[in-house]
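Enquirer: Just the structure for this:
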Amino acid sequence: MEKMNLTMLTDFYEITMANGYLENKMENKIAYFDMFFRKVPDDGGFAIMAGVEQLIEYLKNLKFDQHDLDYLRSKRLFSEEFIQYLGNFEFNCDVWAIPEGTPIFPNEPVVIVRGPVMISQFVETMVLITINHQSLIATKANRIVRAAQGRGVMEFGSRRAQGYDGAISGARAAYIGGCIGTACTIADRDFKIPALGTMAHSWIQMFPTELDAFRAYARTYPESCTLLVDTYNVLKSGIPNAIKTFNEEILPRGFRPQGIRIDSGDITYLSKRVRKILDEAGFPDCKIVASNSLDEHIIREILVQGAKVDMFGVGERLITSKSEPVFGGVYKLVAVEENGAIEPKIKISENIEKITNPDFKEVWRLFDRDSGKAIADVITGHTENIDDAYPYTIFDPEHTWKRKTITNFYAKRLLVRIFDKGNCVYNSPDLQEIKQYCSEQLATLWDEVLRFENPHKYYVDLSKPLWRTKKKLLEQYVMK
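Expert: Numbers count the residues shown, from 1 in each chain. Next up is the predicted model:
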């Protein structure tokens, strides 16, 4: 499929501001922008970083074509000098990002863009679209996967996604979050995510009887036969016909049935009854798959009730993150640079949570050496270093009397360089590696942070120098 030119997928004010910067001779002034988010979806304890590979692809292909230029010229708002500038446009910024699959927390920069303000400002919309969406779906998928307690979760949401890109990139993000496969075929082709699926109710209805439909499918796919048993009646016809098909079509061909799927009704009650019937019929290895508007809350509840489900197919509530469909990432100016000197910038608001952390920054994660668990994240100035050979004191940046001195720890920088003056210097890992890395990183979080209800607050603190910089700017502007 031919790639779309997404350069013009931007808020219009990015273009008006760019033209304004040029008019005011500011086009080469260096600006630093942070992308960060303020709240974990679903009141969870953490989110999962995703979408970096697609962001890289966008930035590599950032170019205004003639159609774009003709459109902008037709608006009669922009100078011809600006149109010509865009015709020779080159992305020449530096970019840092936290790798995909990493647990991330509010208020820490997950992407940093440094470069000429016309360019670093312009990419805001796509940075947010890409990281917000995939991080949202990866986070939601992981909640569902954790609720399933080791049972496989399949992403079945393509037909309910918000557009085709929502389906494709959503399937990718769900896989990072822990799903074992997807119903989205193109995601298998492009990302090597296992494509999974069997039949719809229409297959059953197309044949004279349910048994005829089962037999036809079993003859076609004897090695991977999973039958949908709820078209008419799970217990009275679906399961009896499935067992008959297994005995007459699957076993004689030297295979074992893979499973049955229940897509309606009381999943707990039906799965218990079905498990007993299948076991008594000699098919204890036949998996029970459940689908039908599931999410982490329903899955947890039916498992508490003793449901005998081996795998879950989850659609609309995963691919749209229905319970909280917005990942509130923002993109804010934090510093400008002139003649090599960096000047921190701050946004102040009556809403305390909207006050930004200024300056060019680094994010560190501190780990306990004995347990390997993450203790806290610390945001520092970019040139600061956390020397884990010595004790380090962290403190709450809002309630500064809350302090803790950490010993026997190691510190890890989270941000990695993605672009150097417009040249991509980062090799995106294979998606399987990202998925595995995500699983490993989640294992470093304490169970209290992983909790669904009232999770422990994982601390993201500021270093003393960065806190002093912020305090100085606050005092400076409040006194004006």
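
Enquirer: okay, which residue is most central for this structure?
Expert: Centroid check for the chain by Cα atoms, centre = their mean gives Ser135 as the closest residue, at 2.2 Å.

Enquirer: is it true that that residue touches Phe46?
Expert: No. The pair Ser135 / Phe46 is not scored as a contact, 10.8 Å apart, by Cβ atoms under 8 Å. Any C-beta I mention is one placed from the backbone N, CA and C, and that applies to glycine too.

Enquirer: Which residues are in contact with each of these two?
Expert: Residues touching both Ser135 and Phe46 by Cβ atoms under 8 Å, 6 or more residues apart in numbering: Ile104.

Enquirer: Can you show me the helices along the stretch 1-150 of the chain?
Expert: Using DSSP state H, counting those that start in this stretch, the helices of the stretch 1-150 of the chain run over 12-23, 52-60, 66-74, 80-87, 117-122, 124-147.

Enquirer: is Gly152 in a bridge, and if so with what?
Expert: Beta-bridge pairing of Gly152, defined through DSSP bridges, involves Met311.

Enquirer: Enumerate every residue touching it.
Expert: Residues in contact with Gly152, defined by Cβ under 8 Å, 6+ apart, are 180-181, 310-312.

Enquirer: can you put the helices of the stretch 1-150 of the chain in TSV and add distance to Leu415?
Expert: Shown next, in TSV, are the helices of the stretch 1-150 of the chain (distance: least, Cβ to Cβ, whole Å):
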stretch	distance to Leu415
helix 12-23	24
helix 52-60	11
helix 66-74	31
helix 80-87	30
helix 117-122	16
helix 124-147	13
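
Enquirer: Of those, which stretch is the most buried?
Expert: Scoring the helices of the stretch 1-150 of the chain by mean neighbour count under mean count of other Cβ atoms under 10 Å gives helix 124-147 as the most buried, with a mean of 25.

Enquirer: Could you tell me the angle between that one and helix 52-60?
Expert: Interaxial angle of helix 124-147 relative to helix 52-60 (axes from the mean of the first three to the mean of the last three Cα atoms, to 10 degrees): 170 degrees.

Enquirer: ok now helix 124-147, how far from the chain's centre?
Expert: Here the centre of helix 124-147 is set off from its chain's centre by 3 Å, with Cα atoms, centre = their mean, to the nearest Å.

Enquirer: The nearest residue to Glu23 once chain neighbours are set aside - how many residues pack around it?
Expert: Spatially, and ignoring its direct neighbours in sequence, Glu23 is nearest to Ser79 (6.8 Å; Cβ to Cβ, 6 or more residues apart in numbering). Applying other Cβ atoms under 10 Å, we find 11 residues neighbouring Ser79.

Enquirer: list the contacts for Ser79?
Expert: 19, 22-23.

Enquirer: which one of these sits closest to Gly238?
Expert: Asn19 (64.0 Å; Cβ to Cβ).

Enquirer: Go ahead and confirm that closest one touches Lys75.
Expert: No. Using Cβ under 8 Å, Asn19 makes no contact with Lys75, being 10.1 Å away.

Enquirer: related to what we said a few turns ago, in JSON lines, list the helices of the stretch 1-150 of the chain along with mean pLDDT and distance to Pro194.
Expert: JSON lines is the format used below for these (pLDDT from 0 to 100; distance: least, Cβ to Cβ, whole Å):
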{"stretch": "helix 12-23", "mean pLDDT": "96", "distance to Pro194": "39"}
{"stretch": "helix 52-60", "mean pLDDT": "97", "distance to Pro194": "19"}
{"stretch": "helix 66-74", "mean pLDDT": "96", "distance to Pro194": "38"}
{"stretch": "helix 80-87", "mean pLDDT": "95", "distance to Pro194": "42"}
{"stretch": "helix 117-122", "mean pLDDT": "96", "distance to Pro194": "38"}
{"stretch": "helix 124-147", "mean pLDDT": "98", "distance to Pro194": "15"}
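
Enquirer: quick one, which of those is nearest to Glu343?
Expert: Nearest of the helices of the stretch 1-150 of the chain to Glu343, taken as Cβ to Cβ: helix 117-122 at 12.9 Å.
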